[in-house]
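**Q** Mind folding the following:
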Amino acid sequence: MALAWVVAGCAPGPELGQLKIQAAHDISCSEKDDIHSKSLGDDVYEVRGCGREAKYRWVCKGHGPMSPCQWVLESKR
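**A** The predicted model follows:
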């Protein structure tokens with residue numbers, strides 16, 4: 001019973017499909033292009049595509065399973 005409570009109390013993990021869509025928009029790269037993501041740890045990801053790079057952080061407002069979360073652009077080049 002305690003295990004179910006612990007699992008239910010966790011915020012959702014990073015949605016990599018959403019990251020690809022967000023990065024394609026932010027770095028002006030069509031979704032058809034090959035966009036690669038790499039975890040840097042602590043819910044931070046580096047994304048590369050179309051000769052550009054960006055770094056994102058997965059941020060949640062709250063800790064429950066229904067907490068709203070989103071990718072936040074930290075930098076791009």
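**Q** who are the neighbours in contact with the nearest residue to residue 77 once chain neighbours are set aside?
**A** The spatially closest residue to residue 77, leaving aside those adjacent along the chain, is residue 53, at 5.1 Å (C-beta to C-beta, 6 or more residues apart in numbering). For every residue, glycine as well, the C-beta is placed using N, CA and C. Under the criterion of C-beta atoms under 8 Å, 6 or more residues apart in numbering, the neighbours of residue 53 are 27, 46, 47, 76, 77.
**Q** If you rank those by neighbours, which is first?
**A** residue 47 (25 neighbours; other C-beta atoms under 10 Å).
**Q** I'd say that residue and residue 55 touch.
**A** Yes - contact status for residue 47 versus residue 55: in contact at 7.5 Å, counting by C-beta atoms under 8 Å.
**Q** Report the buried residues of stretch 64-77.
**A** Applying a neighbour-count criterion of 16 or more other C-beta atoms under 10 Å, the buried positions in stretch 64-77 are 69, 71.
**Q** Oops, could you answer that again for stretch 23-38 instead?
**A** Neighbour counts using 16+ other C-beta under 10 Å place 23, 24, 27, 29, 35, 37 of stretch 23-38 among the buried residues.
**Q** List just the nearest of those residues to residue 70.
**A** Of all those, residue 23 has the smallest distance to residue 70: 13.0 Å, by C-beta to C-beta.
**Q** What segments of this structure are strands?
**A** Read by DSSP state E, the chain holds these strands, from start to end of the chain: 36-41, 44-49, 52-60, 69-76.
**Q** pretty sure residue 68 is touching residue 61, no?
**A** Yes - between residue 68 and residue 61 a contact is recorded at 5.3 Å, counting by C-beta under 8 Å.
**Q** one step back: how about the residue nearest to residue 77: which residues does it bridge to?
**A** Judged by DSSP bridges, the bridge partners of residue 53 are residue 48.
**Q** hmm, who's touching the lengthiest helix in the chain?
**A** Residue-count comparison of every helix in the chain, with assignments taken from DSSP state H, identifies helix 16-26 as the longest. Residues outside helix 16-26 that contact it (C-beta under 8 Å, 6+ apart) are 29-31, 33, 35, 37, 45, 47, 49, 54, 56, 58, 70-71, 73, 76.
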